[in-house]
Structures are given as C-alpha cells and as structure tokens.
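Colleague: Generate coordinates for the sequence data below:
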Amino acid sequence: MTRPPLPPFTRETAIQKVRLAEDAWNSRDPEKVALAYTVDSRWRNRAEFVNGRPEIVAFLTRKWAKELDYRLIKELWAFEWHDDSGHWYRSYGNENWEFDADGLMRLRLACINDLPIRESDRGYRWPLGRRPDGHPGLTDLGF
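Modeller: The predicted structure is shown next:
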C-alpha cells in the first residue's frame, strides 16, 4: 500500500502531505488515521510512547474522547479543543516525521504544549471535520 505523495518531497508535495494528514486527523477516525502509518510505526507523544497501528488506534480513541470538538491545522502545528469541563486549550509544538518509501509514516515524535485559552480566543471555528480551503492557516491567524 502506498500513500502519495511519496518521498523525496518537494516543497509543494510536502505541503500536500501535511494537508492530507490534517484532513485525516480532523476526521477524528482513529482507524482511518492509523492507515497512514506503518504497521510498526513508533510515536512519542508528550510522555507517551505508542508502537504499531493497534496502539495508534487506542491512543487516538482515548485522545478524542478527552479532547472534545478537536480541530487541527497542520502548518507550524497547533490545534484547539476543550475538555469535558468546558475549558479550552490551544495545543502547539513541534512534530517530526519520518516516512518509508511507500509514503507511510514510520516515526512520529511530537513535543506539545497545552495553552489554556478563553472560548472567545478560539481561532478554529469551522464545523467539525475537514478545515475549509478558505479558512486561514496558522500564519494568517498569527499563531
């Protein structure tokens, strides 16, 4: 199975790859998202280590059960969500990816910080799912 665009990436195909990843994560479908990763993919997400697709599915299922109304923009990388108490957060940081020759991600290292924000400070206000093409990106929003 391949997941175009394939490495080596140009600037344009890297931007396309990031947008495809953003679209998948905004689906909040753990099974769909896991298919973009190798069967033996390794992650570090904050202080949690995840190995392989079954653990990716379990991790994302837990993540989106906690991080309600999750919306993600992948550019410099940030997302917004609220917990079950109604407290809003903007999560941002760095994410390093390594792909295999078929375009599947085999390594994901994420360093993420959660910044408490007011609901009125939210910048991601599209309906759940894929970010509309006309919605500003992170740079345009000043993040």
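Colleague: the strands in the protein, which residues?
Modeller: For the chain, the strands defined by DSSP state E occupy 37-45, 48-51, 68-73, 78-82, 88-99, 105-117.
Colleague: between the ones you listed, which gets nearest to R131?
Modeller: Evaluated over those, closeness to R131 peaks at strand 68-73, with 6.2 Å, by C-beta to C-beta. Yep, even glycine has a C-beta here, placed from its N, CA and C like the rest.
Colleague: Give me the angle between that closest one and strand 78-82.
Modeller: Angle between the axes of strand 68-73 and strand 78-82 is 170 degrees (criterion: axes from the mean of the first three to the mean of the last three C-alpha atoms, to 10 degrees).
Colleague: Alpha carbons only: can I get strand 68-73 in PDB?
Modeller: Extracted in PDB, the C-alpha atoms of strand 68-73 (Å, rounded to 0.1, in the frame of the first residue of the first chain):
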ATOM      1  CA  LEU A  68     -13.700  17.300  22.500                       C
ATOM      2  CA  ASP A  69     -14.600  19.400  19.400                       C
ATOM      3  CA  TYR A  70     -11.000  18.800  18.300                       C
ATOM      4  CA  ARG A  71      -9.900  20.800  15.200                       C
ATOM      5  CA  LEU A  72      -6.400  20.800  13.800                       C
ATOM      6  CA  ILE A  73      -4.400  23.000  11.500                       C
END
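Colleague: mind listing what it pairs with, with the direction of each?
Modeller: Sheet pairing of strand 68-73 (DSSP bridges) gives strand 78-82 (antiparallel).
Colleague: Can you name the residues in contact with the partner strand?
Modeller: Here strand 78-82 makes contact (C-beta atoms under 8 Å, 6 or more residues apart in numbering) with 67-73, 88-92, 117, 119, 122-124, 138, 143.
Colleague: cool, and stretch 95-106?
Modeller: 1-7, 17, 36-38, 40-42, 74, 77, 107-111.
Colleague: Point to the helix or strand of the protein where mean pLDDT is at its lowest.
Modeller: The least trusted helix or strand in the chain, going by mean pLDDT, DSSP states H and E, turns out to be strand 78-82, with a mean of 84.
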